[in-house]
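Asks: heads up, no residue letters with this:
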Ligand SMILES: [Zn+2]
């Protein structure tokens, strides 16, 4: 940790997943922005914005993915928050007088103009086991409600998420060259030194597993072999439920109404074919409905933040009342509830930048252009 602004991932730019924010911020623009924010803080502009009528008409939805239980934040600072960083964020919300309310209420109150001042809603994507292990205790402690968007295929299978686990394990072996026999077609030596090399290896491993019929038995055998080659104890990896989606039993026992379980597709993908799209949400809804009887499953999170205008009528037909993107911004009454902006918080965001987003200033500042914001290959495929 080198930043004086708080939790920052400077020095950990070689994240393994590269799903969001795949390009590092341009230092010039970032430092100019931070200078502006420091001035805004010192002169009371941030405080004034936080208390403004402008902010009271807007909702900030925060998005999180994983909470690091071991070295995940070092592997992927875009996707994993260390527990102390998460605690710091929650403390800032509490001490700043922010009203953290359930997303369902927030969306309804946004439409009727009855939001409380300084409104914030918390969301967590994917439903990984670390959410239960580290996120829920923190949410309970602070009394913050949250929505968790759960993708159900690997939840039902109760095995590590294959692609994610491949990415993590190849990162764990980043100082090695490993034997590819049994892992990739043709075998041979596999270099894991750079992110591009690891991406290529993960792709080759995925193709080889698919060529052998795929499925969780093939995938798990492949992960075990890969773990051996990179020197990771796979039995411990499994026992600690690393890179796993919560099991059906765990999902069923999440404290309600503090935690609202909602839709994220069955296999973490949004097909452009209407029938396949509906099936993804239908399968997800059936699974979550069985695990959470009585839950009103009418909120959706686009996997990997991928949106398309064609999805909107399909979502309306499916009775979806809100859908969240990964486009940064604050929602206002005119925002389409099926295209709600969210700030994807990450370890890369300094304490000052986070505060700026809470007050609303973050939405007013020029953004660092990103050539490739999303790579739609987040969790499963
Ligand atoms: Zn996701």
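Replies: Good, I have the coordinates. All values derive from a computational prediction rather than experimental measurement.
Asks: from here on, contacts and neighbour counts on C-alpha atoms
Replies: Noted.
Asks: so what pLDDT did the residue of the stretch 1-150 of the chain found nearest the ion get?
Replies: Going by CA to the ion, the ion is nearest to residue 126 of the stretch 1-150 of the chain, at 4.6 Å. On the pLDDT scale, residue 126 is placed at 96.
Asks: Wait, it touches residue 154, no?
Replies: No. With contact defined as CA atoms under 8 Å, residue 126 does not count as touching residue 154 (10.2 Å).
Asks: Looking at the two, which has the bigger crowd around it?
Replies: residue 126 (27 against 23; other CA atoms under 10 Å).
Asks: Does the more buried one have any beta-bridge partners, and if so which?
Replies: Beta bridges link residue 126 to residue 150, judged by DSSP bridges.
Asks: show me the contacts for it.
Replies: Residue 126 makes contact with 65, 148, 149, 150, 151, 245, 264, according to CA atoms under 8 Å, 6 or more residues apart in numbering.
Asks: Would you format those residues as TSV with distance to residue 331, neighbour count and pLDDT included?
Replies: Formatted as TSV, the contacts of residue 126 follow (distance: CA to CA, whole Å; neighbours: other CA atoms under 10 Å; pLDDT from 0 to 100):
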residue	distance to residue 331	neighbour count	pLDDT
65	20	22	94
148	19	26	98
149	19	24	98
150	23	28	98
151	24	33	96
245	29	28	97
264	20	28	97
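Asks: ok, of the residues you listed, which one's closest to residue 83?
Replies: residue 65 (12.4 Å; CA to CA).
Asks: burial measure for residue 32, as a count.
Replies: Residue 32 - counted by other CA under 10 Å - has 11 other residues nearby.
Asks: got a list of what the residue positioned nearest the centre of the chain touches?
Replies: By CA atoms, centre = their mean, the chain has its centre lying nearest to residue 65, at 2.8 Å. Residue 65 makes contact with 79, 80, 81, 124, 125, 126, 128, according to CA under 8 Å, 6+ apart.
Asks: ok so, going back, any residues in contact with both of residue 126 and residue 154?
Replies: Counting by CA under 8 Å, 6+ apart, the shared contacts of residue 126 and residue 154 are residue 245.
Asks: what residues does this protein put near the ion?
Replies: Contacts of the chain with the ion, taken as CA under 5 Å from the ion, map to 125, 126, 303.
Asks: do that again at 6 Å, thanks
Replies: Contact residues, the chain versus the ion (CA under 6 Å from the ion): 125, 126, 303, 304.
Asks: which of the residues you listed tops the neighbour count?
Replies: Result: residue 126 is most packed of these (other CA under 10 Å), 27 neighbours.
Asks: Quick check: can you list the domain ranges of this structure?
Replies: Taking automatic domain parsing as the reference, the chain has its domains at 27-157+256-364, 162-239.
Asks: Please identify the deepest-packed of these.
Replies: domain 27-157+256-364 (a mean of 19; mean count of other CA atoms under 10 Å).
Asks: Residue 227 contacts residue 237, correct?
Replies: No. With contact defined as CA under 8 Å, residue 227 does not reach residue 237; the gap is 9.0 Å.
Asks: Skipping its backbone neighbours, what lies nearest the residue nearest to the centre of the chain in space?
Replies: Using CA to CA, 6 or more residues apart in numbering and skipping residues adjacent in sequence, the residue nearest residue 65 is residue 125, 5.0 Å away.
Asks: Same check on residue 326?
Replies: Closest to residue 326 by CA to CA, 6+ apart is residue 305, at 4.8 Å.
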